[in-house]
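Engineer: Sequence and computational prediction follow.
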Amino acid sequence: VMSLEGRGFSAAVLAAWKRTLPALNALQLAAINDYGVLDGENLVVVAPTSSGKTMIGELAALHAAAHRRRTVFLLPLKALVADKRRYFTALYGGHGVRIVEATGESDDVSSVLRGQYDLGLFTYEKFASLALTYPHILDQVSVVVIDEVQMLADESRGANLEFLMTVIATRSSEGARLQLIALSGVVGDTNGLER
């Protein structure tokens with residue numbers, strides 16, 4: 001973890017990682033050294049559960065936060081958003097990283113609309129709704145981490161995720177520089193998803 005010194009991360013974040021992560025694993029090192037996760041490159045990470053995929057998204061997110069840019073984490077379920085919020089708040093909240101979440105109709109999104117956050121945690125549907133209603137929020141975002149991207153193949157929810165990814169891709173093609181990191185726990189043929 002300390003090999004990340006000089007890569008723009010605060011000493012506090014490095015210390016938090018050092019306490020919770022004995023060392024970066026081969027997947028995370030490859031993302032850094034071979035695939036440019038800290039250089040703004042887009043990635044599709046396909047690896048088994050508990051392989052360290054989320055840390056690759058965290059690396060990009062905390063690198064962006066260190067440079068005063070925002071990241072959104074998109075997750076399929078409210079429970080996953082709540083779990084990530086607790087985890088991120090415990091790990092990063094005391095180090096000046098502003099974390100927000102929104103999953104339902106009654107959530108206060110005023111801080112999101114004003115760009116007053118570093119890490120935003122959303123369900124796919126909530127972020128799609130926000131991006132359509134308030135398109136300027138995509139202008140505020142530098143990194144998008146889509147967790148469980150294999151949901152694209154889900155008959156009931158895949159269309160929502162595909163629509164959201166199309167909105168993000170359209171925004172990128174209009175000149176916004178968004179880094180997209182797609183995380184999948186389903187190992188095997190990606191059917192060209194990386195393209």
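Structural biologist: Good, I have the coordinates. Numbering: from 1, shown residues only.

Engineer: What lies in contact with the worst-scoring helix or strand of the chain on mean pLDDT?
Structural biologist: Least confident helix or strand of the chain, by mean pLDDT, DSSP states H and E, is helix 158-173 with a mean of 84. Under the contact criterion CB atoms under 8 Å, 6 or more residues apart in numbering, helix 158-173 has outside partners 74, 76, 124-125, 127-128, 131-132, 138, 144, 146, 149, 151-152, 154, 178, 180. The way it works is simple: take the backbone N, C-alpha and C, and place the C-beta from them, glycine included.

Engineer: Mind listing what's buried along that helix?
Structural biologist: Buried residues in helix 158-173, counting neighbours by 16 or more other CB atoms under 10 Å, are found at 160-161, 164-165, 167-168, 171-172.

Engineer: was I right about residue 3 contacting residue 28?
Structural biologist: No. Contact criterion CB atoms under 8 Å: residue 3 and residue 28 do not qualify, at 10.9 Å.

Engineer: Settle it for me: which of the two has more neighbours?
Structural biologist: Set residue 3 next to residue 28 and count neighbours by other CB atoms under 10 Å: residue 28 wins out with 21 against 12.

Engineer: Quick check, central residue of this structure?
Structural biologist: residue 145 (2.6 Å; CA atoms, centre = their mean).
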